[in-house]
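Participant: Got a predicted structure plus its sequence, pasted below:
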Amino acid sequence: MAVAPATTKYSITMRLLHWLIAILILGMIVSGWYMHGLPDEEPLKEELYGLHKSFGITLLPLVIIRLLARFSSPIPELPAQMSWWEKVLSKLTHFLLYLLMFAIPLSGIIMMDYLGIFPLEWFGVFTMPDLIPDDMDMFEQLEEVHEILAYSLLALIILHFVGALKHRFLDKGKDTDVLKRII
Ligand code: HEM
Ligand code: HEM
């Protein structure tokens with residue numbers, strides 16, 4: 001019986017979702033950082049908060065779809081020429097990226113539910129249900145958690161980005177260019 005050749009590229013669904021979610025996440029970090037620093041009387045502030053929350057809510061089902069796609073499509077093996085520690089670091093980084101992509105929007109939604117002052121709307125189309133009793137202390141703690149997780153995600157993305165560039169440009173004489181598998 002013929003054995004199917006191992007895949008050398010992520011599926012088209014995985015590649016599209018990788019770049020769509022990458023752009024959205026980077027936009028979320030920049031918008032979060034920028035809107036937080038705006039003065040309260042700035043009219044743009046309220047608009048940006050609304051967009052940040054709506055895009056953030058959108059990310060949750062997108063990440064779930066991505067995880068389903070990951071488990072239902074073949075994933076290319078890491079190149080054999082990569083050292084063991086590069087393989088471990090790469091897998092650990094990917095796991096943490098998935099964890100944070102899930103935990104950050106969730107922390108945002110739960111913190112807004114604790115605040116309870118503004119209805120949590122999705123692009124003005126529907127209002128998320130208010131499920132948890134309001135609690136200002138919990139809101140403030142989750143605000144802190146949301147911030148710490150978001151900037152930890154940024155640090156991981158930088159590591160991920162530097163790793164991809166290293167394999168493409170610095171690993172001379174090795175076939176470890178993982179970028180071509182996701183483009
Ligand atoms: C992957 C998704 C998300 C990312 C990467 C993200 C990132 C950020 C960042 C970097 C900040 C600025 C933190 C600071 O400097 O204090 C922030 C603030 C904020 N985020 Fe998100 N966020 C996400 C999803 C959400 C969601 C789903 C909601 C609510 C539904 C939300 C609500 C907020 C609010 C209300 C603030 C302002 C907090 C303040 O002004 O103290 N975020 N976010
Ligand atoms: C900034 C530009 C980015 C570049 C150059 C890049 C590059 C790559 C490359 C080359 C891979 C494939 C690794 C492999 O073949 O094993 C990959 C996978 C991955 N990337 Fe990115 N990436 C970027 C941004 C992001 C962002 C913003 C996120 C999410 C926060 C992200 C999350 C992931 C995850 C979770 C995987 C693992 C896919 C899997 O095996 O399930 N990437 N990325």
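Facilitator: Arrived safely, thanks for sending. Ligands and ions are numbered 1, 2, ... in the order given.
Participant: following the strand or helix carrying L165, which helix or strand comes up?
Facilitator: Assigned by DSSP states H and E, L165 belongs to helix 136-165. Next along the chain after helix 136-165, taking DSSP H and E as the criterion, comes helix 179-182.
Participant: Now that following helix: buried residues?
Facilitator: R181 (16 or more other CB atoms under 10 Å). Bear in mind the C-beta positions are built from the backbone N, C-alpha and C, glycine included.
Participant: Let me see the residues that make contact with that helix.
Facilitator: T8, K9, Y10, M14, R15, H18, P76, A164, H167, R168 (CB atoms under 8 Å, 6 or more residues apart in numbering).
Participant: roughly how far apart are the fifth one and E86?
Facilitator: In this structure, R15 and E86 are 22 Å apart, going by CB to CB, to the nearest Å.
Participant: Neighbour count: those two, which is higher?
Facilitator: The residue with more neighbours, out of R15 and E86, is E86; 18 against 14, by other CB atoms under 10 Å.
Participant: Now do the longest helix along the chain, average pLDDT.
Facilitator: Secondary structure of the chain per DSSP state H: the longest helix is helix 84-115. Computed over helix 84-115, the mean pLDDT rounds to 97.
Participant: Following that helix in sequence, what is the next regular element?
Facilitator: With DSSP H and E, the next secondary element past helix 84-115 is strand 121-122.
Participant: Of all residues in this protein, which one is nearest the centre?
Facilitator: Nearest to the mean C-alpha position of the chain, by CA atoms, centre = their mean, lies M101 at 3.5 Å.
Participant: which one is it nearest to, not counting chain neighbours?
Facilitator: V63 (4.9 Å; CB to CB, 6 or more residues apart in numbering).
Participant: Thanks a lot, catch you later.
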